[in-house]
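1. any chance you could fold what I've pasted below:
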Amino acid sequence: MRALMTVIAALALGVPAPVMAQDRQTTDYGQPSEYSEPVDAYSQDEIVDAVSDFFGVTAEAAASALERVFSDLGRPVGYIAGEEVAGAAGIGLRYGEGYLTLRGLSERQKVYWRGPSIGFDAGGNASRVFVLVYNLDDVDRLYQRFPGVEGTAYFVAGLGVNYQRADDVTLAPIRSGVGLRAGANIGYLAYSRRRAWLPF
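-> Predicted structure coming up:
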């Protein structure tokens with residue numbers, strides 16, 4: 001009652017009414033709703049630990065590689081951990097497989113990917129790949145082509161990162177492996193439930 005009387009008095013005097021606690025929507029983290037992130041998302045510490053264990057690098061190296069990703073994209077709702085083989089001499093091919101882990105899914109799902117890469121690549125590699133997944137509210141939306149986002153590739157602490165995006169779903173593959181791949185890689189990757197060999 002006292003709060004209601006305060007609001008009425010403020011309106012009568014032409015003063016903006018105070019915001020009552022129940023009128024202000026906040027997230028579970030105490031931030032206003034406009035700053036909210038997915039509730040079922042992985043924290044930066046969780047991903048740093050997972051990447052460190054997966055690639056066998058120090059937590060400091062993993063944190064350095066992930067700092068820009070979290071700054072650009074925030075917290076992921078899932079990740080894919082797997083391996084791929086790739087090679088290029090003008091036109092390259094890439095094939096991989098791994099397991100998708102999502103918050104809210106009781107079991108991991110097997111995922112395959114493939115695609116061409118066209119550019120000034122040289123050499124070849126076999127890599128472990130850890131893919132951060134954003135805005136995926138339906139697993140079926142993963143199974144499509146994801147073009148690379150121009151200008152997002154970078155290399156930090158022995159790990160290479162780039163972004164892929166399709167239909168508001170963003171993927172951030174992190175790679176480490178043996179071999180040389182330098183230059184402009186402007187291809188796409190197509191993700192699928194089953195293995196396929198044709199990259200086009």
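
2. please make it C-alpha for all contacts and neighbour counts, starting now.
-> Will do.

3. which residues of the protein fall in strands?
-> 78-102, 109-134, 145-147, 154-156, 159-161, 164-166, 169-179, 188-192 (DSSP state E).

4. the fifth one pairs with which strands?
-> Spelled out, that is strand 159-161. Here strand 159-161 is paired, per DSSP bridges, with strand 154-156 (antiparallel), strand 169-179 (antiparallel).

5. pull the residues that contact the first one.
-> Counting by CA atoms under 8 Å, 6 or more residues apart in numbering, the neighbours of strand 154-156 from elsewhere in the structure are 61, 64, 65, 160, 161, 162.

6. thinking again about what came up before, for the strands paired with strand 159-161, which one sits closest to residue 107?
-> Residue 107 lies closest, by CA to CA, to one member of the strands paired with strand 159-161: strand 169-179, at 20.1 Å.

7. hmm, who's touching that closest one?
-> Residues from elsewhere that reach strand 169-179, judged by CA under 8 Å, 6+ apart: 55, 69, 123-136, 141-142, 158-165.

8. kindly report the same for stretch 92-112.
-> When contacts are taken as CA under 8 Å, 6+ apart, the neighbours of stretch 92-112 outside the stretch itself are 40-42, 77-87, 113-118, 121, 191-197, 199.

9. buried only: go through these for me.
-> The neighbour-count test (16 or more other CA atoms under 10 Å) applied to the contacts of stretch 92-112 identifies 41-42, 77-87, 113-118, 121, 191-192, 199 as buried.

10. low-confidence ranges, the chain, go.
-> Within the chain, the stretches with pLDDT under 70 are 1-39, 88-91, 117-124, 177-186, 199-200.

11. one more time with 90
-> Low-confidence regions of the chain, defined by pLDDT under 90, span residues 1-40, 85-94, 103-106, 115-127, 148-160, 162, 175-188, 196-200.
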